[in-house]
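J.: sequence isn't available, so here's the structure alone:
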């Protein structure tokens, strides 16, 4: 079945630096790869997503890359700001059209001013 | 639109008690899911539904029941609460891709 591993579990960067979080998966039929941001005490919210027919997608300071051959996808945040501090989750949807997502374990990002 | 709503926000139960966590959405989404969130373990899928009358198990279904009698509502029932069910519970709905999460229910079982 679907499985996703997320690394690192914690990441500390200086304001203005870049941050990269990587997820690897096992099911080659997975076709949808979203990233969620969760601030303390809040619900997860979608920040960017990519589908399996696209290799890269960018939205201002955030980008996601997908390597289907190697079965990994990554979140890139450039010019980090203190408000980027949060827990980030990768997720994936398998080939079955059920809408269910399988989540990674999460990365706690701390951006130091 | 209210989006996805959950009640209650907080709940304390004693071991062995039962209760129902409520979830409702007003976006006419077919897909609804329940997740639990524990520190260091991400969001784990408990049960999900692809439409009224259809439910299926996720990764961690034991100790929980669901039903989907309408498109709008997807309640989660704890049959006999155990301390291991202490967690934050999120309900989510989707049309197939982006999932919209409710605000969560923080449950403590003593």
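T.: Noted; the coordinates are in hand. Since we're looking at a predicted model, the values are computed, not measured.

J.: could I get the pLDDT score of the closest residue to chain A within chain B?
T.: For chain B and chain A, the shortest gap (C-beta to the nearest C-beta) falls at residue B:31, measuring 3.0 Å. For the C-beta atoms, the positions are set from N, CA and C on the backbone; glycine is no exception. We have a pLDDT of 93 for residue B:31.

J.: make sure it is actually in contact with residue B:4.
T.: No: using C-beta atoms under 8 Å, residue B:31 makes no contact with residue B:4, being 11.7 Å away.

J.: joint contacts of these two?
T.: Counting by C-beta atoms under 8 Å, 6 or more residues apart in numbering or on different chains, the residues touching both residue B:31 and residue B:4 are residue B:93.

J.: how many neighbours does residue 60 have?
T.: Just going to use chain A. 9 (other C-beta atoms under 10 Å in any protein chain shown).

J.: not quite, go with chain B.
T.: Residue B:60 has 18 nearby residues by other C-beta under 10 Å.

J.: let's verify it: helix, strand, or coil?
T.: Classification of residue B:60 using DSSP: H, G, I helix; E, B strand; the rest coil returns coil.

J.: in space, what's closest to the residue of chain B closest to chain A - neighbours in sequence excluded?
T.: Using C-beta to C-beta, 6 or more residues apart in numbering or on different chains and skipping residues adjacent in sequence, the residue nearest residue B:31 is residue A:99, 3.0 Å away.

J.: pick out the residue of chain A closest to chain B.
T.: residue A:99 (3.0 Å).

J.: can you name every helix or strand that the least confident helix or strand in chain A by mean pLDDT contacts?
T.: When the helices and strands of chain A are scored by mean pLDDT, DSSP states H and E, strand A:102-103 comes last with a mean of 90. In terms of contacts (3 or more C-beta pairs under 8 Å, 6 or more residues apart in numbering or on different chains; DSSP states H and E), strand A:102-103 is packed against strand A:86-92, strand B:43-51.

J.: one more time with 10 Å, if that's ok
T.: Packed against strand A:102-103 by the contact rule (3 or more C-beta pairs under 10 Å, 6 or more residues apart in numbering or on different chains; DSSP states H and E) you find strand A:4-7, strand A:86-92, strand B:43-51.
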